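Trainee: Have a look at this prediction, sequence included:
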Amino acid sequence: MAAGDRRWWLNRKATVVLWVAASVGIWVGLHCYIRRVSMRKAEEVLVSMCEERARMLQDQFAVSVNHVHALAILVSTFHYQKHPPALDQGTFADYTARTAFERPLLSGVAYAQRVVDSERELFENHQGWTIKTMKREPSPVQDEYAPVIYSQETVSYIEALDMMSGEEDRENILRARASGKAVLTSPFRLLGSNQLGVVLTFPVYRAGLPADAMEEERIEATAGYLGGAFDVESLVENLLRQLAGNQDIMVNVYDVTNTSEPLIMYGPQFPDGYMSLSHISMLDFGDPFRRHQMKCRYSKKPPIPLSAISTPSGVFVICMLAGYILYAAWNRYDNVKEDCRKMEELKKQAEAADVAKSQFLATVSHEIRTPMNGVLGMLDMLLDTNLNLTQKDYAQTAQVCGKALISLINEVLDRAKIEAGRLEIESVPFDLRTVLDDVISLFSAKSREKGIELAVYVSDRVPKILMGDPGRIRQIITNLVGNSVKFTERGHIFVHVHLAEHSNMFMDAKVEGGLNGLSGEAKVTSISTALDTLSGLEAADGRNSWENFKLSLSYEQTWPYSSENGSPYDNHADKVTLMVTVEDTGIGIPFHAQNRVFTPFMQADSSTSRNYGGTGIGLSISKCLVELMGGQINFVSRPHIGSTFTFTAVFQRCSKNTGCDTKRTLSESLPTCFGGMRAILVDRRPVRGAVTRYHLQRLGICVECVSTINEVLNATRGQNGSLRSGIYSNKPCILLIEHDTWGTKVDVCLRDQLLQLKENGCIPEMPKVVLLATSESDKMKGGSNVGTVIMKPLRASTVAACFQEVLGMGKQQSRDRPKGSASLNGLLDGKNILVVDDNKVNLRVAAGVLKKYGAKVECAESGRDALSLLQLPHKFDACFMDVQMPEMDGFEATRQIRMMESQASEKNRNGERTVAEEGFSKAEWHLPILAMTADVIQATYEECTKCGMDGYVSKPFEEVQLFQAVAKFLVKLS
């Protein structure tokens, strides 16, 4: 171990040294690269500056040449084409002096006339002087001469000098007149200034010379020569002075006509400065016989840029930091690796603990629910016997307490299943309206006791039958409504359901101000100032106002519907997203506690649990269930105002295309005898009136709403045609009046008015008056004119029963399939059921429940006994199998039963029947097997189906649960 550690440290040190060496190498390489880039840029700058100076020198020289050319044309015009000549020395000198600014590069100009030897004497007599050589001696006899006759004042010393006497000038003259272009001499010291310069010679021709003349024609037509002296040194000095920059450069100008011996025109004879970096630019002065160039260089070596030091140094620092980070990460990796190893061990321990916890919960669930199944089952069977009132009260109280305990256990186990990821959502057809009616009925007694409005409304756009998990949607709404009932002492609790996509159209308005600390209680001061809510009290969420509710109602009435299932024409959508809202006017949730509403086992404060009770896990379970259904849940709550919980859930449409069986649906069957009947509702609160209209329309009753009784009386006198037609209808007319509109005076006045109208023939018969009451005290308001009192919360089936009673119709049986026990009687009547359970009490309970619905039951106390009874062929239609049993559990027994069935089916297909099987015509054997289990954690639907079971029911099972489980496979047999 020590040798391994030493080797590890040596490797680490070697890596550090290599990293530092690589960083130094990067510094050196980057420094050299930046230096090279800097020198390349300096070279580009030098090239640019040199080319710029060469171009400007050429341009200025070209301008001067053009002016000399123009002066040559002037001499040709005014000296040779005018007779007598219009040009003399004085005029030429004056003109050239005044136009000298146009020729800044020329020190002076002069004109030399071509004179042949035969004309010399006449020329000298005319000029009054003798032609002289450059040495100012009389010119010797020669073929022709070129004496200066006109000169600028600055070069007047060359007057009368023969330009042909100088070797350079003679050569220039001959080249100029032969080519017709300006030509230059080689550099020489100018007379007078002793500066290096060149002489420009331009030929002057007589008039009439064509542009494409031959050389001989040009020589013959030559009249003279115009020349000018260029001071090259002064020219370049002025140019460099104009272009002085941040970096000084040194310039040399050469005449390179003879490349072997270049003649210097400007600059030192022996160049100095930084010679390693130079550039040569060619100069074109217009002379086709001579070549010139400009050589540029820096006066000193370009400095090293700061970036050549700072950038590599920065990169070096970054490399060192990166190395340090990698070194630290290396150490950290080793530490984390060790921590991961320890965490993996802890993870295994935690997983083992979680498995142990799940097994513990499963065991506790089984051990608690098994005796509770016996207690509740025996109580249910006891209640079916003849008991006196006291005994029945005791038994019912014990049953309620047992169900409360089971409900608490279910909540804890649901939370455990959620944490274990074992909670599953079913998909069966169900009637949402029936589910909501059942939930509201659970809290009807409590709401009447408190005198609060409890109502439910489902939009007509919501399909009648949906595919989903009715048990879980019932659990969510029960939790929300239960909390609302618990924390609401006055006002209302309102549950309404709409399609989510249509609800959002009317929910854009923001919640009104005052959400951040509104104190005090909301009060209804008068009818005129009452809010448009179910009870008139203010609600927490201002978006659920009557205005939005009214828009939703009008939208439903104008939207087209299809004829099937109550759904709109957008039936092609398989999914339906519902928005469910539970609104109350209770105590609300304090602002500081709203962020932990959905936290398990947490309540608003300690006083809440003391005053109201509860475990604090209902909302957390509801949130998880909503998310499993593909929705979201949120709320708006204001202290002393109330709370509004809203959640969405996704369901499937139940149609013929989806293949769902509506016969398996626990849908409440409503009588059809009220179709076409008309009713008048007196309610001054529009939301409450809409809810009442919803329940009446479910019965097929046409409802018209008014706000006061006076409107009803005016209608009977003919002041409202629509209401009057309702009263004159052949069907009985019902007058429904809300309790807060009713009173003794109203009772007497209404009865007198209706009697008088009947005597006057305004109405054929007295309408039936029905009072809608919220509490038992409201029920006492009913007078002699009231036919019956309907206690809220309203339920369509309850309203139908009251109407049948008040109208004397009697109880009419619907042709539809009855619900509840009648359905089970239809499914189980005469069926042979095998019940397998090792607990004798549970065996008695299960057998008693099944026999109650007409089934023929046989019992077995173990899996092996069940196998012996189910040897093929057998007589049983279904089997209820306990999961946890000694010797052979329900899973193993089911696997062996399926194996026997598979072998028998294979023999049938091959035609190999035994003697015992003769007379049985089944080609495929499959006995429906349902698991009966008190372990609701491990015995999930998936576990049951793995071993071949068709489903499961949890102990203790109730009538609705039993019907849903049985209907899945016995409805076909029925």
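Mentor: Great, that's in hand. Numbers count the residues shown, from 1 in each chain.

Trainee: element containing the residue lying closest to Asn842 once chain neighbours are set aside, please.
Mentor: Nearest non-adjacent residue to Asn842, counting by CB to CB, 6 or more residues apart in numbering: Asn373, 5.5 Å away. Every residue, glycine included, has its C-beta placed from N, CA and C. Asn373 belongs to helix 307-383 when assigned by DSSP states H and E.

Trainee: Check which element follows that helix along the chain.
Mentor: Heading C-terminal from helix 307-383 (DSSP H and E), you reach helix 389-420.

Trainee: Ile406 is in contact with Val375, isn't it?
Mentor: No. Counting by CB atoms under 8 Å, Ile406 stays clear of Val375, with 9.5 Å between them.

Trainee: Tell me the first helix or strand C-terminal of whichever strand or helix holds Val439.
Mentor: If you go by DSSP H and E, Val439 is part of helix 432-442. Under the assignment DSSP H and E, the closest C-terminal helix or strand after helix 432-442 is helix 444-450.

Trainee: list the helices and strands the next helix or strand after that next one packs on?
Mentor: Once the chain leaves helix 444-450, the next helix or strand it forms, by DSSP H and E, is strand 453-458. Strand 453-458 sits against helix 432-442, helix 444-450, strand 492-499, helix 686-698, with contacts defined as 3 or more CB pairs under 8 Å, 6 or more residues apart in numbering; DSSP states H and E.

Trainee: Quick check: buried residues in stretch 14-25?
Mentor: 19, 23 (16 or more other CB atoms under 10 Å).

Trainee: pull the CA atoms of it into CSV?
Mentor: These are the backbone C-alpha positions of stretch 14-25, laid out as CSV (Å, rounded to 0.1, in the frame of the first residue of the first chain):
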residue,chain,number,x,y,z
ALA,A,14,5.9,14.2,-12.9
THR,A,15,2.6,15.4,-14.3
VAL,A,16,3.0,18.7,-12.5
VAL,A,17,6.6,19.2,-13.9
LEU,A,18,5.4,18.3,-17.4
TRP,A,19,2.5,20.7,-17.1
VAL,A,20,4.8,23.6,-16.1
ALA,A,21,7.2,22.8,-18.9
ALA,A,22,4.3,22.7,-21.4
SER,A,23,3.1,26.0,-20.1
VAL,A,24,6.6,27.6,-20.6
GLY,A,25,6.7,26.2,-24.1
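
Trainee: Do me a favour and average the pLDDT over that stretch.
Mentor: The pLDDT scores in stretch 14-25 average 88.

Trainee: wouldn't Leu807 be in contact with Lys768 here?
Mentor: Yes. Taking CB under 8 Å as the definition, Leu807 is a contact partner of Lys768 at 6.4 Å.

Trainee: Show the low-confidence segments of the stretch 651-800 of the chain, by residue range.
Mentor: 655-668, 715-732, 743-748, 758, 761-764, 778-785 (pLDDT under 70).

Trainee: Strands along that one, start to end?
Mentor: 678-682, 702-706, 733-738, 768-773, 788-791 (DSSP state E, counting those that start in this stretch).

Trainee: now the angle between strand 733-738 and the first one, please.
Mentor: Yep, that's strand 678-682 we're talking about. Here strand 678-682 points in a direction 20 degrees away from that of strand 733-738 (axes from the mean of the first three to the mean of the last three CA atoms, to 10 degrees).

Trainee: So what are the sheet partners of strand 678-682 and their directions?
Mentor: Take DSSP bridges as the rule and strand 678-682 pairs in its sheet with strand 702-706 (parallel), strand 733-738 (parallel).

Trainee: Pull up the gap between the spatially closest residue to Thr672 that is not a sequence neighbour and Ala679, please.
Mentor: In space, and not counting its chain neighbours, Thr672 is closest to Gly700: 6.6 Å by CB to CB, 6+ apart. When distance is defined by CB to CB, to the nearest Å, Gly700 is 11 Å away from Ala679.

Trainee: again with Leu413
Mentor: 46 Å.

Trainee: and the two? which has more neighbours close in?
Mentor: Between Leu413 and Ala679, counting by other CB atoms under 10 Å, Ala679 is the more crowded of the two (26 against 21).

Trainee: Can you tell me the closest non-neighbouring residue to the more buried one?
Mentor: Closest to Ala679 by CB to CB, 6+ apart is Ile734, at 4.4 Å.

Trainee: list the contacts for that neighbour?
Mentor: The neighbours of Ile734, taking CB atoms under 8 Å, 6 or more residues apart in numbering as the test, are 677-680, 701, 767-770, 803, 806-807.

Trainee: looking at the chain, which helix or strand is least sure?
Mentor: Within the chain, no helix or strand scores below helix 721-727, which has a mean of 49 by mean pLDDT, DSSP states H and E.

Trainee: Could you list the low-pLDDT ranges of the stretch 501-650 of the chain?
Mentor: Applying pLDDT under 70 to the stretch 501-650 of the chain flags the ranges 502-530, 555-573, 601-616.

Trainee: Number of residues surrounding Phe598?
Mentor: 16.

Trainee: my bad, should have said Glu489
Mentor: Neighbours of Glu489 (other CB under 10 Å): 10.

Trainee: what does Met294 give?
Mentor: For Met294, the count of nearby residues is 24 (other CB under 10 Å).

Trainee: which is the next helix or strand following the helix or strand containing Asn172?
Mentor: Taking DSSP H and E as the definition, Asn172 sits inside helix 167-179. Sequence-wise, the next helix or strand downstream of helix 167-179 (DSSP H and E) is strand 183-184.

Trainee: quick one: contacts of that following strand?
Mentor: Here strand 183-184 has contacts from 172, 175-176, 198-201, 230, 285, 287, 289-290, using CB under 8 Å, 6+ apart.
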